[in-house]
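Colleague: Test case, fold it:
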Amino acid sequence: MDIGMKTKIGLGILLVAVAMSAGCTDEKEENNVVIELQESAINAPQTTEVTRGDLEVSLTIDALIGPAIEQLTFEKKGEFSRFCVNLGQEVQAGDVIALSISRATEESIEEKQRELENLKRDYEYERAMLESNIELLNLQVKDLDEKIVFEEKNSPMYNSLSVQTGRCREERKKLELELKQLGETYELELAHLEKQLANLVEKKNGNVIRAPYDGVIVALASVTYGDTIDTELYYAAIADTSVYYARCNYVNQGIVNAMQETVFWMDGKEYPIEYLPMDDKIYAEKKNNKETLYSEFIITEPKGEIEYGDYGKIKLISAVKKDVLLLPANAVMGDETGNYVYMDVEGSRQRVAVKKGSSDGIFVEITEGLQEGDVVYVQE
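Modeller: Predicted coordinates for the structure are as follows:
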């Protein structure tokens, strides 16, 4: 799966890719259930009683479960080199995902490497020459020392051999000093060049994409060697499969903050979640590009009951009212005069004005007009 170089990755597409890779496309056995409806013989109208109970006032939004996905780009401009991973590959935090190149930097690296090779070669040659000359002088001094012992002290030959020995010793001392200075100079120049080379290599390797955490590569861009890098575009996407999040249509953070509680609801169970606000820059880009806005909530305790690709609802709970009068929402009607119900009074219908409070979409709170146990008609 490739990322278009002119647009950023749509996370919805990525979720589909991850779901498919996780085996979410397996065929499921169809259950065909036939429900038989029986009509009442007397076709009696439906009624219900006013009851007392707790009412949860909430906003619900459809949501899809997926892993946390992060889109990745280069920090600096340059030229693209290659990807070091494949689509669907598992990576560890810190692994290199993509490399960039800089021709100027690579040329400088090659030049420094040549300088280092030349420095080492010249040093080895000069060191070998000095050591060889020092060894020759050592042999000459040894030979002269052996000869001088057979000569009479202060004789012409003795004095001549003494002068030759002194000159050889002085020349040897000079060469040994040159050898020492050569080594010291070499060490300084070597350290300097190696530092320059290390800085260039660090500069070359600094503009790479690394995995921010352990995960799976779910998207790679269609780019080739030498393509100019655009830091505004994404080149890879990684899924953190240790994290479960619910993705839904965009919800403003202010609305979420105003809520008493926010949960993910699925199959009659509720799971605690944590809102992840969208980065302001990404929000502005998506809005300007007229892209679909979305919100993400981390499911903090999936408990092994939730799988990628599951659908549920985000419940934004603004209040929970205790022990209030409740009626099904379809029992309450309204017109220009206000809200009302038809109450069963000794078998006959009687219109009664009521005032509504909160509603959860199924039940509605009645604040005035009725009492617990009153029987009202339900709209057909």
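Colleague: which residues in this protein form helices?
Modeller: Using DSSP state H, the helices of the chain run over 11-21, 103-148, 156-206, 253-258, 280-288.
Colleague: looking at the ones you listed, which has the lowest confidence?
Modeller: Note on the helices of the chain: helix 11-21 shows the lowest mean pLDDT, a mean of 38.
Colleague: picking up where we left off before, which of the helices of the chain sits closest to residue 296?
Modeller: Of all the helices of the chain, it is helix 11-21 that lies closest to residue 296, at 8.4 Å by C-beta to C-beta. For glycine as for every other residue, the C-beta is placed from the backbone atoms N, C-alpha and C.
Colleague: how many neighbours does the closest residue to residue 123 other than its chain neighbours have?
Modeller: What sits nearest to residue 123 in space, not counting adjacent residues and going by C-beta to C-beta, 6 or more residues apart in numbering, is residue 186, at 4.5 Å. Look at residue 186: counted by other C-beta atoms under 10 Å, it has 17 neighbours.
Colleague: ok, now residue 55?
Modeller: Neighbour count for residue 55, taken as other C-beta under 10 Å: 21.
Colleague: Could you check how far the closest residue to it other than its chain neighbours is from residue 371?
Modeller: Nearest non-adjacent residue to residue 55, counting by C-beta to C-beta, 6+ apart: residue 321, 4.5 Å away. Here the criterion is C-beta to C-beta, to the nearest Å. By it, residue 321 lies 17 Å from residue 371.
Colleague: more neighbours, those two?
Modeller: Using other C-beta under 10 Å, the more surrounded residue of residue 321 and residue 371 is residue 321, with 15 against 8.
Colleague: ok, that one touching residue 58?
Modeller: No: look at residue 321 against residue 58 with C-beta atoms under 8 Å: they stay out of range, at 11.5 Å.
Colleague: okay, the residue nearest the centre of the chain: pLDDT?
Modeller: The residue lying closest to the centre of the chain (C-alpha atoms, centre = their mean) is residue 70, at 3.7 Å. On pLDDT, residue 70 comes in at 90.
Colleague: What's opposite it in the beta bridge?
Modeller: Beta-bridge pairing for residue 70 (DSSP bridges): residue 238.
Colleague: Contact partners for residue 250?
Modeller: 278, 293-295 (C-beta atoms under 8 Å, 6 or more residues apart in numbering).
Colleague: Hmm, I typed the wrong one, I wanted residue 278.
Modeller: Going by C-beta under 8 Å, 6+ apart, residue 278 touches 250, 293-296.
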